[in-house]
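Engineer: model the structure of this input:
(one chain, ligands or ions: 3)
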Amino acid sequence: GEINGIMAIVADITERKQSEAKINYLAYHDTLTGLPNRVSFEERLAEAVANAASEDKSLAVMFLSLDRFKKFNDTLGHLIGDQLLKSVAERLTLTLREGNRVARFGSDEFAFLLPGITEAEDAAGRASDFKNVLDAPFIVEGHELYVTSSIGIGLYPEDGTDAQGLLKSAGAALYRAKQLGGSSYQFYTADMNERALQRLALENQLRWALERKEFVVYYQPQVSIDTGQIRGMEALVRWQHPELGLIPPAEFIPLAEDTGLILPIGEWVLRTACAQTKIWQDCGFNNLHVAVNLSPRQFQQTDLVLMIERLLKETNLDAPSLELEVTESSVMKNAESAINTLRELRRMGIKISIDDFGSGYSSLSYLRHLPIDVLKIDQSFVRDMTSDPKDAAIVMAIIQLAHSLQLQVKAEGVETEEQLRFLRLLRCDEMQGYLFCKALPVEAFEQLLFEGRTLSTMKDARLTLTTQPAKAN
Ligand code: C2E
Ligand code: MG
Ligand code: MG
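Structural biologist: Numbering: from 1, shown residues only. Ligands and ions are numbered 1, 2, ... in the order given. Now for the predicted structure:
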């Protein structure tokens, strides 16, 4: 009786001790890789900084992040993504030297603590070691996977005198490495902090901008090269910032992409553009169509088709008046599901155009299978086609390709008469560019419409073209 009772108590205590140890372990480790986690790392770092301070020594903190890791998860599934992370963790652990520590911070983010590093060159050398050890392919369930990584480096005491300061610096340096295209390491520099702060400020303001109605849509005419008439327009968003003035999309769309804010902003642009087009159609410009850009993230949004269907209903615009511009890379990122989405959109009657065609990886074999309507020749080819025979050849090829695939072709960035003449010779369908007009706010665009402005009323380009007879309008 009594012995059994004591045994039961002992067993109970052992079990409790074990589960305490387990909880303790879990609190300080990452369950997937078994590496220490962020909490553990930050404690060690604080200790190391205190030691370095009292002994007048230096140390390095590094962040390593795998480039485009999401791609593996998205294409091969999370199980394989997890396996890959485990193998990465193993290789990184093997490159540690005495006193070094590595931890897993976020999904594909690892942190290193390297005490005793005094010179930037030493830090660079160690960063190269970490990068290089990931060079050989990883074999995961029969897949041969290649990864590259970006590394941000913060040095004590130059880049921060406490744990949080160092982490922030290494983080900013990592961000910079990523922005530069990945597969590199970057040191923290003081003006990086400045830039990181500016970005943060802009990001915060971007969060509010929609609510504060600071976005405006400009419209750039798309003109028929044959008749010279305005066929439609591309909707181009701008940010009317209260202090900084009109900010072009190139300066905030990438930020909006990174933060996910592109989803509500993009939806607002679509709604605004559809509603405005409907207004103009009701004024008598019945055949006007509107082209709206979709960013990669928007395009991958799961309820995209439903959202667009709802917007069309809400604004009363018929589907064939709407054209969506996507880029090749955003389609190729996840080709299977992209093709399904495009198919559904087209089934509704919406037109699809490939923006900046020729600037990404053009996969011609895929092009044949893509459910699309229009190719937009990238500006860079248009810009140089009248001076560089190679660009002329590319433009010619794109137009022929488009037409033999029964696609419409539009040229953007048309700035000179000479470019227009060349495009007309090649029978390009529509043009868009400063030669005719920049993107305009609503009232100014409206004025163009009411004036009935056409390519030929500006200055009859066809008169200067001798190889093709002028047609009566
Ligand atoms: P994009 O879709 O390729 O738009 C064409 C860009 O070329 C526009 O710049 C337009 O103003 C400019 N452009 C037009 N004609 C000429 C010309 O003759 N010469 C030159 N040099 N440029 C010309 P913008 O408005 O600054 O837009 C830049 C990019 O920002 C767009 O490129 C598009 O990718 C993106 N963007 C604009 N609005 C939106 C939006 O609502 N949503 C998303 N996701 N992206 C947008
Ligand atoms: Mg576009
Ligand atoms: Mg474009």
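
Engineer: from here on, contacts and neighbour counts on C-alpha atoms
Structural biologist: Will do.

Engineer: burial measure for whichever residue of the stretch 301-450 of the chain sits closest to ligand 3, as a count.
Structural biologist: Using CA to the ion, the point where the stretch 301-450 of the chain gets nearest to ligand 3 is residue 356, with a distance of 4.2 Å. Applying other CA atoms under 10 Å, we find 20 other residues in the vicinity of residue 356.

Engineer: so that it lines up with my notes, have the first residue be 64 from now on.
Structural biologist: Understood, numbering begins at 64; the last thing we discussed is residue 419.

Engineer: now it: closest residue in space that isn't a chain neighbour?
Structural biologist: residue 441 (4.0 Å; CA to CA, 6 or more residues apart in numbering).

Engineer: which residue ranges of the stretch 64-213 of the chain form helices?
Structural biologist: 65-91, 101-118, 132-139, 141-157, 183-195 (DSSP state H, counting those that start in this stretch).

Engineer: quick one, which of these is nearest to ligand 3?
Structural biologist: Among those, helix 132-139 comes nearest to ligand 3, with 24.7 Å by CA to the ion.

Engineer: pull out the buried positions in the closest one.
Structural biologist: 132, 135 (16 or more other CA atoms under 10 Å).

Engineer: need the helices of the stretch 64-213 of the chain in CSV (columns: mean pLDDT and distance to residue 303).
Structural biologist: Output for those, formatted as CSV (pLDDT from 0 to 100; distance: least, CA to CA, whole Å):
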stretch, mean pLDDT, distance to residue 303
helix 65-91, 76, 47
helix 101-118, 95, 40
helix 132-139, 90, 33
helix 141-157, 96, 41
helix 183-195, 89, 42
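
Engineer: which one of those lies nearest to ligand 1?
Structural biologist: helix 132-139 (20.3 Å; CA to the nearest ligand atom).

Engineer: elements contacting that closest one?
Structural biologist: helix 141-157 (3 or more CA pairs under 8 Å, 6 or more residues apart in numbering; DSSP states H and E).

Engineer: what residues sit buried inside stretch 375-388?
Structural biologist: 375, 378, 380, 382, 384-388.

Engineer: can you confirm whether that stretch lies near ligand 1?
Structural biologist: No: Stretch 375-388 does not reach ligand 1 (CA under 6 Å from any ligand atom); its nearest approach is 7.3 Å.

Engineer: reformat the helices of the stretch 64-213 of the chain as a markdown table; add distance to ligand 1.
Structural biologist: As requested, the helices of the stretch 64-213 of the chain are exported to a markdown table (distance: least, CA to the nearest ligand atom, whole Å):
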| stretch | distance to ligand 1 |
| --- | --- |
| helix 65-91 | 41 |
| helix 101-118 | 35 |
| helix 132-139 | 20 |
| helix 141-157 | 28 |
| helix 183-195 | 33 |
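
Engineer: export those helices to CSV and tack on distance to residue 278?
Structural biologist: Output for the helices of the stretch 64-213 of the chain, formatted as CSV (distance: least, CA to CA, whole Å):
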stretch, distance to residue 278
helix 65-91, 45
helix 101-118, 39
helix 132-139, 30
helix 141-157, 37
helix 183-195, 42
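
Engineer: for residue 271, find the nearest of these.
Structural biologist: helix 132-139 (28.1 Å; CA to CA).
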